[in-house]
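Chemist: Compute the structure for the input listed below.
(one chain, ligands or ions: 1)
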Amino acid sequence: MKLNLPSPVQEIHRPLYLEKGLRVFVKRDDLIHPLISGNKWRKLKYILSKAQSESKTHLVTFGGAYSNHLLACAAAANYSGLQCTGIVRGEHVKNEVLDKCSSLGMHLKFVDRERYRDKHQVFKDLFGKDNQAYFIDEGGASQEAVLGCEEIVTELNATYDHIVCAAGTGSTAAGILAAIKKKQLKTHLHVIPVLKDGTFLKQAIENYITSDAPLQLHQNYHFGGYAKYNDQLLGFIIDFYHQHQILLDQVYTAKLVFGLDDLIRSDFFKPGEHLLWIHTGGKTGLLGIREKITARAPEFRKILEEIL
Ligand SMILES: *Cc1c(COP(=O)(O)O)cnc(C)c1O
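Modeler: Modelled structure (predicted):
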């Protein structure tokens, strides 16, 4: 498996940043691998080595119908010669992400929302007798994932006043925070929850890691909830691509960069500071809104065709 590591850091030039006297950089984890998007590689790295050290040959994991994690797992299992089952939330559906998972050898099993809630029970029911099977939680959330995400920071060659990332489960943020602590950096971590009422994330992050490193949640950029978006966010994705040739997804990274711009506009940061945001990948999410986005920007047809 060919991975582009350490992932590159690049500076983003926007008139707003210049006006506010800030320098803004992005860590391009989205370039790590075409199918194992961004932080999903970070999260899987030590999960895979743990599974292999326990001689497990069958990865079993969970996700929604457009899950970046399911696709990442399918690809990682394929390259590692492991069997893989993806348990998909909800009724049977077909889409290009799930088709790609299947073509990589993942067995798909659809489970209704009610039953899906208790993942450990589903695992036990289906694979309780298979001692080769290894449980991987939705999104890869785990202590191993946190360990892998520390490398986002340990790979850096420069220091930043602020690091900004999006959060779903918070394991990526926890890894970043853990590394800030270990390296005794003065960096502040800013987390943009992508779901409504992300208050639980502070606790979730602190459950993984105890740290007095500064951590701040910015809760105004969820756009109505997980996977929710509006025309303004779509427009932002399209404009950002035209300005910087960097693709953002509506579920995670567009909310992050939109929120960052908003904080900058309201003078949240001090002139002269250096900021780094983490591009955690996720461009396959755009396939779920193909019609909407190409209706507004026909030139995206070709870009979306090249994603999978
Ligand atoms: C899964 C995912 C996240 C969220 O990571 P957590 O560790 O669950 O907070 C962020 N960005 C992208 C693109 C993702 O796919």
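Chemist: And the strands in the stretch 101-250 of the chain, which stretches?
Modeler: Applying DSSP state E, counting those that start in this stretch to the stretch 101-250 of the chain gives strands spanning 107-111, 133-136, 162-167, 188-193, 215-217.
Chemist: Which other helices and strands does the third one contact?
Modeler: Spelled out, that is strand 162-167. Using 3 or more C-beta pairs under 8 Å, 6 or more residues apart in numbering; DSSP states H and E as the contact test, the elements touching strand 162-167 are helix 171-182, strand 188-193, helix 253-265, strand 274-278. For every residue, glycine as well, the C-beta is placed using N, CA and C.
Chemist: can you put these in CSV and add mean pLDDT and distance to residue 219?
Modeler: Output for these, formatted as CSV (pLDDT from 0 to 100; distance: least, C-beta to C-beta, whole Å):
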stretch, mean pLDDT, distance to residue 219
helix 171-182, 96, 14
strand 188-193, 98, 6
helix 253-265, 98, 9
strand 274-278, 98, 17
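Chemist: follow-up on the earlier one: I'd like the strands of the stretch 101-250 of the chain written out as a markdown table, with mean neighbour count and distance to residue 118 added.
Modeler: Below are the strands of the stretch 101-250 of the chain laid out as a markdown table (neighbours: other C-beta atoms under 10 Å; distance: least, C-beta to C-beta, whole Å):
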| stretch | mean neighbour count | distance to residue 118 |
| --- | --- | --- |
| strand 107-111 | 16 | 10 |
| strand 133-136 | 22 | 12 |
| strand 162-167 | 25 | 23 |
| strand 188-193 | 24 | 24 |
| strand 215-217 | 17 | 28 |
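Chemist: With distance to residue 252 as extra columns, can I get these in JSON lines?
Modeler: Below are the strands of the stretch 101-250 of the chain laid out as JSON lines (distance: least, C-beta to C-beta, whole Å):
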{"stretch": "strand 107-111", "distance to residue 252": "23"}
{"stretch": "strand 133-136", "distance to residue 252": "19"}
{"stretch": "strand 162-167", "distance to residue 252": "4"}
{"stretch": "strand 188-193", "distance to residue 252": "9"}
{"stretch": "strand 215-217", "distance to residue 252": "15"}
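Chemist: right, so of the ones you listed, which gets closest to the ligand?
Modeler: Counting by C-beta to the nearest ligand atom, the ligand lies closest to strand 162-167 out of the strands of the stretch 101-250 of the chain; the figure is 3.9 Å.
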